[in-house]
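Student: What would the 3D arrangement of this be:
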Amino acid sequence: MELDELKHLWQETDQQKTSNKAIMEMIQNKSYGPVAALKKEFRKQIIVMAILPVFMLLTNVDDISKPLTSVLFWAYVMFCASVVVFAYRNYRIAEQMSSMDGMVKTTLEQHVSLLQQRIQTLFIGLRVALISLIILTEIVPYIQHYRMLDKWHSLSPFIRFGSYIALLSIQYFLSKKMLYRKFGSHLSYLKKVLQEMTV
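Tutor: Below is the predicted model:
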């Protein structure tokens, strides 16, 4: 009877090890899987946000001093640089997950939890960035003159602030949906998969 119990326990332990190994192989796969998808999205963020300010400069190549003396341009550069740094730090965490030696469930769970917190921070950061842009849109015309902003300020305050409220509402729902699709869904899947690990 004791021999049968030991055999059953050994088989169960062997299956658990196989399951853990399969989960780790899926997590550490360089081409597909949730971690590979996260790394791809973080890389995309870094590249796009690094290129955008350069693209803006190129569109004003005939008068390069125009963007370089613009408050709005430098505010945009700061926003892009912040996103690049943030995305790079998140990419490094995902990189650690894909190259981790052994089967350390606790450490992986901590990484997933940290990334989930950071995606939530990104969601809040996007809201703060949009509110900052709205404030700049209202303040900048008193410092620098832009034809487009002057036209915008010639409109009724009810139209302007109504548009801001609508923009904030749209951004709230779109960014929430976009961040879940790009990052949240992969992190939720990882969390679920990690629950299947035994150690």
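Student: Any regions of the chain where pLDDT drops low?
Tutor: 1-23, 29-30, 100-103, 197-199 (pLDDT under 70).
Student: so what does the helix or strand containing Ala129 touch, helix or strand wise?
Tutor: Ala129 is part of helix 105-139, with elements assigned from DSSP states H and E. Using 3 or more CB pairs under 8 Å, 6 or more residues apart in numbering; DSSP states H and E, the elements in contact with helix 105-139 are helix 71-98, helix 157-179, helix 185-195. For glycine as for every other residue, the C-beta is placed from the backbone atoms N, C-alpha and C.
Student: buried residues in it?
Tutor: 105, 108, 111-112, 115-116, 118-119, 122-123, 125-126, 129-130, 133-134, 136-138 (16 or more other CB atoms under 10 Å).
Student: And the nearest residue to Phe42 once chain neighbours are set aside, how close does it get to Leu38?
Tutor: Closest residue to Phe42 apart from its sequence neighbours, by CB to CB, 6 or more residues apart in numbering: Tyr91 at 3.9 Å. Going from Tyr91 to Leu38 by CB to CB, to the nearest Å gives 8 Å.
Student: Could you do Gln96 as well?
Tutor: 12 Å.
Student: what's the closest non-adjacent residue to the residue nearest the centre of the chain?
Tutor: Geometric centre of the chain, nearest residue: Ile119, 5.4 Å, by CA atoms, centre = their mean. Leaving aside its chain neighbours, Ile119 sits nearest to Phe183 (4.9 Å; criterion: CB to CB, 6+ apart).
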